[in-house]
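Participant: requesting a structural model of the entry that follows:
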Amino acid sequence: MTELGGSQITTLLETLPGIAQVLRSPVADAIVNLIRAGARLREFQVKDAEELVNFGVRRGLLGQTEGERIIAEARAAAERRQEKAAERAAGRAARPAGKPATKAAAKKPAPKPAARKPAAKAAPRPRAKAAAKPKPRPAKKR
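Facilitator: Now for the predicted structure:
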């Protein structure tokens with residue numbers, strides 16, 4: 001399937017009334033896709049950013065150099081994101097199962113199970129000695 005340019009779409013829209021409901025412009029698709037990517041409902045696609053920036057340049061909303069700079073930044077960010085994702089995937093594959101992923105996780109003790117233990121009875125408190133009563137002395141014989 002071939003992609004239609006802006007002038008071809010305009011000609012189609014003028015020629016065939018009602019086709020506007022069926023055929024949406026690439027700019028509108030790019031806007032929708034970028035909104036979904038911003039809301040993290042889908043992955044960011046550089047082609048959507050390029051379409052929107054090119055639209056801005058064609059309409060005089062952006063300068064050519066600014067548009068090129070924005071696209072270069074978007075491409076660089078997308079490449080970094082792909083590299084980080086590849087590193088994470090490689091790290092998960094290389095790490096043995098059951099091992100912590102980071103040093104911080106390795107230092108933390110494993111959480112103890114939350115099993116209920118029966119309440120231990122308190123040890124009996126030592127009783128204070130009662131004041132010793134003097135023992136009666138045997139009577140002296142005279």
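Participant: for the chain, which helix is longest?
Facilitator: Counting by DSSP state H, the longest helix found in the chain is helix 64-94.
Participant: now do the buried residues in that one.
Facilitator: Applying a neighbour-count criterion of 16 or more other CB atoms under 10 Å, one finds 67, 70-71, 74 buried in helix 64-94. From N, CA and C alone the C-beta is placed, and that goes for glycine too.
Participant: now, which of those sits nearest Ala94?
Facilitator: Ala74 (30.6 Å; CB to CB).
Participant: okay, now the unreliable bits of the chain?
Facilitator: 1-6, 9, 12-23, 96-134, 141-142 (pLDDT under 70).
Participant: make it 90
Facilitator: Scanning the chain with the threshold set as pLDDT under 90 gives 1-29, 31, 38, 89-142.
Participant: how about Tyr137, phi and psi?
Facilitator: In this structure residue 137 is Arg, not Tyr. Main-chain dihedrals, Arg137, degrees, to the nearest 10: phi -90, psi 140.
Participant: what number of residues lie near it?
Facilitator: 6 (other CB atoms under 10 Å).
Participant: list the contacts of it.
Facilitator: By CB atoms under 8 Å, 6 or more residues apart in numbering, no residues touch Arg137.
Participant: from Thr11, how far out is it?
Facilitator: With distances taken as CB to CB, to the nearest Å, Arg137 is found 132 Å from Thr11.
Participant: which one of the buried residues of helix 64-94 is nearest Asp48?
Facilitator: Ala74 (9.4 Å).
Participant: any idea which element the closest residue to that closest one other than its chain neighbours lies in?
Facilitator: Take Ala74 and drop its neighbours on the chain: the residue closest to it by CB to CB, 6 or more residues apart in numbering is Ala49, 4.6 Å away. Taking DSSP states H and E as the definition, Ala49 sits inside helix 46-58.
Participant: what helices or strands is that helix leaning on?
Facilitator: helix 26-38, helix 64-94 (3 or more CB pairs under 8 Å, 6 or more residues apart in numbering; DSSP states H and E).
Participant: thanks again, I'm all set now.
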